[in-house]
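1. Give me coordinates for this.
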Amino acid sequence: MKLLQIKAAYNEKSAYEIFYRKEFDYSTFLEKFNYTAPKIIPFQDTSNDSYFKIGTISKETLENYTAINMQEVLGTLKNKPWLPLQQIKEEIANCLFVKYGSVSDHDFKYDKGLYGWMNIMKFSCAQVRTDLWIFGMAFYRTRFRLKQVYLKRQNKYWATTGRAIVTRDAQKIIDDFIVQFCDSADTALDIEIESERTTPRPKERNVKEKGPFAKLTDIAYKEIRALVGPMLNHTSSSDSRVHTYNTLAVPIRSRVMITQPDKVGLLLEAISIELHDDAMVELDNCEKTTCRYEKMTNDSYNYNAKTETHNYSKERAIIHKMKPTETLIFYQTSKPYFTFDTMKRKTAHGIIDLKQQLDENAQKNWHDLVHQQFALAAHTQYQAFLPEIELGGGGTELNVEDFDVLLETE
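-> Next up is the predicted model:
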């Protein structure tokens, strides 16, 4: 697989470098991100691994994606058995339906009795010719344990137990791993680009220096920003301490796509498993310039009484017809869940289990956590769409250029 090497579009940067800098350069985000987590997180140990790849793929290969040789596309994977190869293959196949497409996962889970993990990934692709797409991907995988809590001394030894967490703990842990992901992607991107600059490449045919480009219209920018909103503060210490959690999971998938109107149906069919029927119907049957969908539910019918797991779902989506030849689709979806920690209380009759209730405060804490994580995932991965990235809601307007995807005129 050869990277597309072309003359600079501006600032003597090649078209592929412009694209990758917009997709995988997190330096501006990190400069504005109010990050203090490492000072207070009681990690016992952590382990992590990462993977980064950029390349090109032809239309002919995409049309026969079932025969794609993943080793040819990704290189040797002997030391990366954890990579979701089938997911990567499907995302590569989806490129055929888009002029620009990007998907990202922020998957956080914690289990007091085992360990926690945070998997972050981003895959993006763009059409640079009628027969060629450029793509990039970044993966970061972390497992961690928190320091155990010492209980009352029993005989000669101290008893210990796993550490329950509150929503604010989860937010600070996630912040830490997002920063690690961003640093890892930045470093890998610099290495890849420097390698491409110093490696002679044969000239590719028929690629125009200065576009034309597919841009988000001003209205499209406003629609996405209105849906996502600003970055949100962490839950306050006093509010988060009210409830503690034994298990807690917030897996979030975000997706942005620019496609031709006649390919919307095919594209939605390809990703239909990710959204509930109501959201799919809203996107597929939209007859207005813009259609929106947003909903968060407590799936009480799916409550697991045995494990006392509270299951939720949250989705927000927008479809916007930017012009006769381009339609924008953006959505985020998640199925978060938690179980309360069972606390112990000493009484005159002995030690009893004290169960927490899903009261109004607990519901608010949980909703605040999920909303904050949705905004964080979107602002981390799609800075070009959402330049207000300073933690705390007020935001700082940055001089971020319009998000440009190099396309050939059809």
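
2. Can you pull out the low-pLDDT segments for the stretch 101-250 of the chain?
-> Along the stretch 101-250 of the chain, the parts satisfying pLDDT under 70 run over 149-161, 198-214.

3. List the buried residues of stretch 227-241.
-> Of all the residues in stretch 227-241, those buried under the rule 16 or more other C-beta atoms under 10 Å are 227-232, 234-235, 239-240. All C-beta spots, glycine's among them, are computed from the backbone N, C-alpha and C.

4. phi, psi of Gln260?
-> Dihedral angles phi and psi of Gln260 (degrees, to the nearest 10) take the values phi -80, psi 140.

5. Tell me where the stretch 201-350 of the chain has helices.
-> For the stretch 201-350 of the chain, the helices defined by DSSP state H, counting those that start in this stretch occupy 218-228, 237-240, 264-270, 277-284.

6. helices or strands next to the third one in the packing?
-> In other words, helix 264-270. If contacts are counted by 3 or more C-beta pairs under 8 Å, 6 or more residues apart in numbering; DSSP states H and E, helix 264-270 sits against helix 85-94, helix 277-284, strand 326-334.

7. at 10 Å instead, please
-> helix 85-94, strand 245-259, helix 277-284, strand 310-323, strand 326-334 (3 or more C-beta pairs under 10 Å, 6 or more residues apart in numbering; DSSP states H and E).

8. JSON lines for the helices of the stretch 201-350 of the chain, including distance to Pro84?
-> Listed next are the helices of the stretch 201-350 of the chain as JSON lines, based on distance: least, C-beta to C-beta, whole Å:
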{"stretch": "helix 218-228", "distance to Pro84": "26"}
{"stretch": "helix 237-240", "distance to Pro84": "32"}
{"stretch": "helix 264-270", "distance to Pro84": "17"}
{"stretch": "helix 277-284", "distance to Pro84": "23"}
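
9. Quick one, which of the ones you listed gets closest to Ile92.
-> Comparison of the helices of the stretch 201-350 of the chain against Ile92 by C-beta to C-beta identifies helix 264-270 as nearest, at 11.8 Å.

10. Can you name the residues in contact with that closest one?
-> With contact meaning C-beta atoms under 10 Å, 6 or more residues apart in numbering, helix 264-270 is reached by 90-91, 93-94, 96-98, 101, 257, 259-260, 263, 274-275, 279-280, 283-284, 286, 319, 321, 327, 329.

11. returning to that earlier point: could I get the helices and strands packed on helix 264-270 as CSV with mean neighbour count and distance to Leu30?
-> Written out in CSV, the entries for the helices and strands packed on helix 264-270 read as follows (neighbours: other C-beta atoms under 10 Å; distance: least, C-beta to C-beta, whole Å):
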stretch, mean neighbour count, distance to Leu30
helix 85-94, 17, 25
strand 245-259, 22, 19
helix 277-284, 16, 32
strand 310-323, 20, 26
strand 326-334, 22, 22
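
12. just so I know, which of these lies nearest Trp366?
-> Comparing those under C-beta to C-beta, the one sitting nearest is strand 310-323, at 7.3 Å.

13. coming back round to it: which one of the helices of the stretch 201-350 of the chain lies closest to Phe144?
-> Using C-beta to C-beta and comparing the helices of the stretch 201-350 of the chain, the one that lies nearest Phe144 is helix 237-240, at 19.3 Å.
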